[in-house]
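*Asks:* heads up, no residue letters with this:
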């Protein structure tokens, strides 16, 4: 043990780092949260994850590096209570899940007459309360200014012990000052963050780049960018170009913005997407390095897959 009381705890092939003094491994990165849209991707084996990592180990290993994750899976289906308990056990105290409200609530019922589904959502994740970041409400593109009263009522009826972030996609919230100002004022009054969705990276790629790019361009709207921070935890979702170099300019833009928010005492959330998410951890690490150029921050923790010794057949070559 060193002076930071660092312990290396083995979970089969997983090395996790915890520190009581200074929270080594915490990866708060000086006051912001950085993560990927998922924590489970078998393509990360041998890089972010160890070579023989099994799916039950993925979250532990991911959370030894990143300090947050988007909870996109809850948009499509809710986990079992025992799965929620495992999420709690597999993550350190500083880790934050930004869980997305189910589409049944946001898209199918459009925030109305969804009391039963909403109650179950909060009940299911109550054991995970200490790990929750802003709960993420994504609204459909057709959810426009006329439905703001429904959004306002839904937020006012939601438990106040949690934080929330709202993503709108209706074009009127970006091109008409009246609706946009009304939305921002309503959220700011309730100390609720507006999700900032930036798909410039992926939409700058040629459509034939890959099938994953075509799907992402079809599913991700190309909306105007807003950098307004309404509350404590502004949230950025950046959808990358599949080539790292094509994202450099956007990384610099967001690094400067995030640094400004941090200087204001805010704790931003940044999620880096890639069309098929294979390179999401790598691109996220590059974003952190870019932020380090404008803000004094610690390095990210080492990746479990990069901490492993080389495989035996590789060692035999030397």
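*Replies:* Ah, there it is. All values derive from a computational prediction rather than experimental measurement.

*Asks:* what's the burial count for residue 276?
*Replies:* Residue 276 has 16 neighbours, counted by other CB atoms under 10 Å. From N, CA and C alone the C-beta is placed, and that goes for glycine too.

*Asks:* How about the one 4 residues further on?
*Replies:* The criterion is other CB under 10 Å. On that basis, residue 280 has 24 neighbouring residues.

*Asks:* Could you do the one 4 residues further on as well?
*Replies:* If you count neighbours by other CB under 10 Å, residue 284 ends up with 24.

*Asks:* In the protein, what residue spans correspond to strands?
*Replies:* Taking DSSP state E to define them, one finds strands in the chain at 6-11, 14-19, 33-36, 68-71, 96-99, 135-138, 164-167, 193-198, 235-239, 269-273.

*Asks:* Can you give the strand pairings for the third one, parallel or anti for each?
*Replies:* Paired with strand 33-36 in the same sheet, following DSSP bridges, are strand 68-71 (parallel), strand 269-273 (parallel).

*Asks:* chain center to that strand, what's the gap?
*Replies:* Relative to its chain's centre, strand 33-36 lies at 5 Å (CA atoms, centre = their mean, to the nearest Å).

*Asks:* Rebuild the strands paired with strand 33-36 as a markdown table, extending it with distance to residue 100.
*Replies:* Output for the strands paired with strand 33-36, formatted as a markdown table (distance: least, CB to CB, whole Å):
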| stretch | distance to residue 100 |
| --- | --- |
| strand 68-71 | 5 |
| strand 269-273 | 11 |
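
*Asks:* who wins for proximity to residue 118 among those?
*Replies:* Ranking these by distance to residue 118, with CB to CB as the measure, places strand 68-71 first at 15.7 Å.

*Asks:* which outside residues touch that closest one?
*Replies:* 33-39, 62-63, 95-100, 133, 136, 237, 269, 271 (CB atoms under 8 Å, 6 or more residues apart in numbering).

*Asks:* residues of it that come out buried?
*Replies:* For strand 68-71, a neighbour-count test (16 or more other CB atoms under 10 Å) marks 68-71 as buried.

*Asks:* repeat for stretch 72-80
*Replies:* Within stretch 72-80, the residues that count as buried by 16+ other CB under 10 Å are 72-75, 78-79.

*Asks:* could you measure residue 103 against residue 115, distance?
*Replies:* 17 Å (CB to CB, to the nearest Å).

*Asks:* Neighbour count: the two, which is higher?
*Replies:* A direct count of neighbours by other CB under 10 Å for residue 103 and residue 115 places residue 103 higher, at 15 against 12.

*Asks:* got a pLDDT number for the nearest residue to that one once chain neighbours are set aside?
*Replies:* Excluding its sequence neighbours, the residue lying closest to residue 103 (CB to CB, 6 or more residues apart in numbering) is residue 75, at 5.3 Å. Note for residue 75: predicted pLDDT of 96.

*Asks:* ok, now residue 22?
*Replies:* At residue 22, pLDDT is 34.

*Asks:* Residue 155 versus the residue nearest to residue 98 when sequence neighbours are not counted, what's the distance?
*Replies:* In space, residue 98 comes closest to residue 133 once its chain neighbours are excluded; the distance is 4.4 Å by CB to CB, 6+ apart. Applying CB to CB, the value for residue 133 to residue 155 is 17 Å.

*Asks:* same check, this time on residue 182
*Replies:* 14 Å.

*Asks:* Equivalent analysis for residue 168, please.
*Replies:* Going from residue 168 to residue 155 by CB to CB gives 13 Å.

*Asks:* So for those two, which residue has more residues nearby?
*Replies:* The residue with more neighbours, out of residue 168 and residue 155, is residue 168; 27 against 17, by other CB under 10 Å.

*Asks:* picking that back up, can you list the buried residues of strand 68-71 in TSV and add pLDDT?
*Replies:* Formatted as TSV, these follow (pLDDT from 0 to 100):
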residue	pLDDT
68	98
69	98
70	96
71	89
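
*Asks:* Could you give the number of residues near residue 160?
*Replies:* Look at residue 160: counted by other CB under 10 Å, it has 10 neighbours.

*Asks:* Same question for residue 249.
*Replies:* Neighbour number of residue 249 under other CB under 10 Å is 11.

*Asks:* Also residue 99?
*Replies:* Counted with other CB under 10 Å, the neighbours of residue 99 add up to 28.

*Asks:* quick one: pLDDT of it?
*Replies:* Residue-level confidence at residue 99 comes out at 98, pLDDT.

*Asks:* any idea how far it lies from residue 133?
*Replies:* For residue 99 relative to residue 133 (CB to CB), the value is 8 Å.
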